[in-house]
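S.K.: I'll drop the sequence and a predicted model, then ask my questions.
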Amino acid sequence: MVFLQLFAMLIVILVAAEVFTNALEHLGEKLGISEGVTGSIFAAVGTALPETSVPLLAIFAGTANTATNHEIGEGAILGAPLMLATLSLFLMAFSVWKRRGISGHLRPERTGLKRDLNYFIVAFGLAAIALYVPHDNQVMRIIVGIFMVLIYVVYVWQTIRASRGLVAEGHATEAESDMFLCRLGLPNNSTIIGLQLFLGLALLLLGAKGFINGVEEAAQILGISALMLSLLIIPIATELPEKVNSILWIRKGKDTLAFGNITGAMVFQGTLLPAIGIVLTPWLPRPELVAGLIVTLVAAMWLRYLLAKGDIRVWHLFINGALYVTYVSYALTH
């Protein structure tokens, strides 16, 4: 029964993310902003809401077991960037393998992708260092948390600042299809866009809350800890919206939106959520967490190296998939 509940909540999450992202595309088009802003900020934050809401609700309103809440929260916080930097990028590349060839080129707008990866690597590296800050040194943890929030604020400011030039270069956001509510006969205006955004957000929160309630029982049935379940299972489920959207975009040749949807979510989840984890959970250097952090940073630095080298090919991101398999193998045998 618990697995049926998890599946049902996953369906709710997927539907909600589609509703939310569809409205975001129309908002980006109406505001006249670049694909970089729409992908790295609007779509990234929107489709990151399921996995974002899971650790937040686990920490603030989870089960009666505080230790389990912390394990779910920490695992989901660090598991989401791991999934994005490895499996999500691999699946995106794999989806165009036959169409572009194993050595085919992937051509996202480079300046925005570099910015995303630079901010993520710095912030997530700081989150890794924070694992070794003593738990009783709350002042230092709060300082680190505030600094990570500021990193995201500066990132958003720089991304929006670069938008005007990118629009002028032909990277403006264009909605692919009609807004869902407009198909019911409603007008396409700011009020209706806001209403659809609200509906999508409400469904996302409902789905995430239902998912959390099934995590503890599922962990007991499978005989694994809540930490491992939240590191592996929750990100796979809640990252599906990102993977689906990025796959659809890259198959349409919108490489900038496809990459930005993933790397923008990496920045969002590599700054704000670790800040909360550092301040409100034990945030200890458990082997599973340390290994996940290392694999995530290696995957991100590999993509950053490819950008510096000047070329990203389909097979390059297969290495990101191999890194994910390596981590899962380690986690399940230790």
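M.R.: Great, that's in hand.
S.K.: residues near Ile233, how many?
M.R.: Counted with other CB atoms under 10 Å, the neighbours of Ile233 add up to 20. Every C-beta, even on glycine, is put in place using the N, C-alpha and C of the backbone.
S.K.: so it is in which element?
M.R.: Using DSSP states H and E, Ile233 falls within helix 226-238.
S.K.: Give me the helices and strands touching the helix or strand just after that helix, please.
M.R.: Heading C-terminal from helix 226-238, the first helix or strand you meet, by DSSP H and E, is helix 240-251. Here helix 240-251 touches helix 2-31, helix 44-61, helix 89-94, helix 255-280, going by 3 or more CB pairs under 8 Å, 6 or more residues apart in numbering; DSSP states H and E.
S.K.: Out of those, flag the one nearest Gly194.
M.R.: helix 2-31 (8.1 Å; CB to CB).
S.K.: Roughly how far does Arg251 sit from Ser95?
M.R.: Arg251 sits 6 Å away from Ser95 when distances are taken as CB to CB, to the nearest Å.
S.K.: More neighbours: those two, which one.
M.R.: For Arg251 versus Ser95, the count of surrounding residues by other CB under 10 Å is larger for Ser95: 19 against 14.
S.K.: Count the residues that sit near Phe318.
M.R.: 16.
S.K.: That one: what secondary structure?
M.R.: helix (DSSP: H, G, I helix; E, B strand; the rest coil).
S.K.: residue contacts, the spatially closest residue to it that is not a sequence neighbour?
M.R.: Distances taken as CB to CB, 6 or more residues apart in numbering place Phe90 nearest to Phe318, at 6.1 Å, with adjacent residues excluded. For Phe90, the contacting residues are Leu317, Phe318, Asn320, Gly321, Tyr324, by CB atoms under 8 Å, 6 or more residues apart in numbering.
S.K.: Dump these to TSV, plus distance to Gly200.
M.R.: Shown next, in TSV, are these (distance: CB to CB, whole Å):
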residue	distance to Gly200
Leu317	29
Phe318	33
Asn320	29
Gly321	29
Tyr324	28
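S.K.: out of the residues you listed, who's nearest Val295?
M.R.: Nearest member of the contacts of Phe90 to Val295, counting by CB to CB, is Tyr324, at 7.5 Å.
S.K.: Then the closest one would be within a strand, right?
M.R.: No - Tyr324: not assigned to a strand; according to three-state DSSP it is helix.
S.K.: and it, how many residues sit next to it?
M.R.: 22.
S.K.: Thought Pro81 was touching it, still the case?
M.R.: No - using CB atoms under 8 Å as the test, Tyr324 is too far from Pro81 to be in contact (11.9 Å).
S.K.: any idea of the mean pLDDT in the helix holding Ile233?
M.R.: Averaging pLDDT along helix 226-238 gives 70.
S.K.: Could you do stretch 160-178 as well?
M.R.: Rounded mean pLDDT across stretch 160-178 is 65.
S.K.: sorry, back to before: quick one: closest of the helices and strands packed on helix 240-251 to Ile160.
M.R.: helix 2-31 (10.3 Å).
S.K.: helices or strands up against the closest one?
M.R.: helix 44-61, helix 190-222, helix 226-238, helix 240-251.
S.K.: just the CA coordinates of the shortest one, formatted as PDB?
M.R.: Taking only C-alpha atoms (Å, rounded to 0.1, in the frame of the first residue of the first chain), the coordinates of helix 240-251 have been written out as PDB:
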ATOM      1  CA  LEU A 240      11.700  13.400 -13.100                       C
ATOM      2  CA  PRO A 241      10.100  16.800 -14.000                       C
ATOM      3  CA  GLU A 242      13.600  18.200 -14.700                       C
ATOM      4  CA  LYS A 243      14.700  15.300 -16.800                       C
ATOM      5  CA  VAL A 244      11.500  15.200 -18.800                       C
ATOM      6  CA  ASN A 245      11.500  19.000 -19.500                       C
ATOM      7  CA  SER A 246      15.200  19.000 -20.500                       C
ATOM      8  CA  ILE A 247      14.800  15.900 -22.700                       C
ATOM      9  CA  LEU A 248      11.900  17.600 -24.500                       C
ATOM     10  CA  TRP A 249      13.800  20.800 -24.900                       C
ATOM     11  CA  ILE A 250      17.000  19.300 -26.200                       C
ATOM     12  CA  ARG A 251      15.100  17.100 -28.700                       C
END
